[in-house]
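> this one's sequence-less:
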């Protein structure tokens with residue numbers, strides 16, 4: 001059977017040339033009143049997928 005890329009992962013994650021997977025932080029869409037400005041600012045930045053989760057993420061991003 002043909003392997004397919006997971007559509008949700010394709011939209012949310014980017015594979016970098018170094019092999020790392022870039023992602024955004026969750027929690028920046030709504031309910032922002034009770035979050036501090038500093039916290040909201042940090043949530044806006046991108047980060048990389050943790051090494052413990054890389055195997056699962058690479059299975060979703062086949063191509």
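Yep, that arrived. Since the structure is predicted, the reported quantities are computational estimates derived from the model, not experimental observations. Numbering: from 1, shown residues only.
> Tell me if residue 47 really is in a strand.
Yes: going by DSSP: H, G, I helix; E, B strand; the rest coil, the assignment for residue 47 places it inside a strand.
> thinking it is in contact with residue 23, fair?
Yes: between residue 47 and residue 23 there is a contact under CB atoms under 8 Å: 6.2 Å. For glycine as for every other residue, the C-beta is placed from the backbone atoms N, C-alpha and C.
> out of those two, which sits in the more crowded spot?
Taking neighbours as other CB atoms under 10 Å, residue 47 and residue 23 compare with residue 23 leading, 17 against 12.
> And the more buried one, which helix or strand is it part of?
Assessed by DSSP states H and E, residue 23 sits inside strand 21-24.
> tell me what that strand is packed against?
Applying 3 or more CB pairs under 8 Å, 6 or more residues apart in numbering; DSSP states H and E, one finds that strand 21-24 contacts strand 14-15, strand 46-48, helix 54-60.
> In JSON lines: the ones you listed, plus distance to residue 27 and mean pLDDT.
Formatted as JSON lines, the helices and strands packed on strand 21-24 follow (distance: least, CB to CB, whole Å; pLDDT from 0 to 100):
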{"stretch": "strand 14-15", "distance to residue 27": "19", "mean pLDDT": "94"}
{"stretch": "strand 46-48", "distance to residue 27": "13", "mean pLDDT": "97"}
{"stretch": "helix 54-60", "distance to residue 27": "19", "mean pLDDT": "94"}
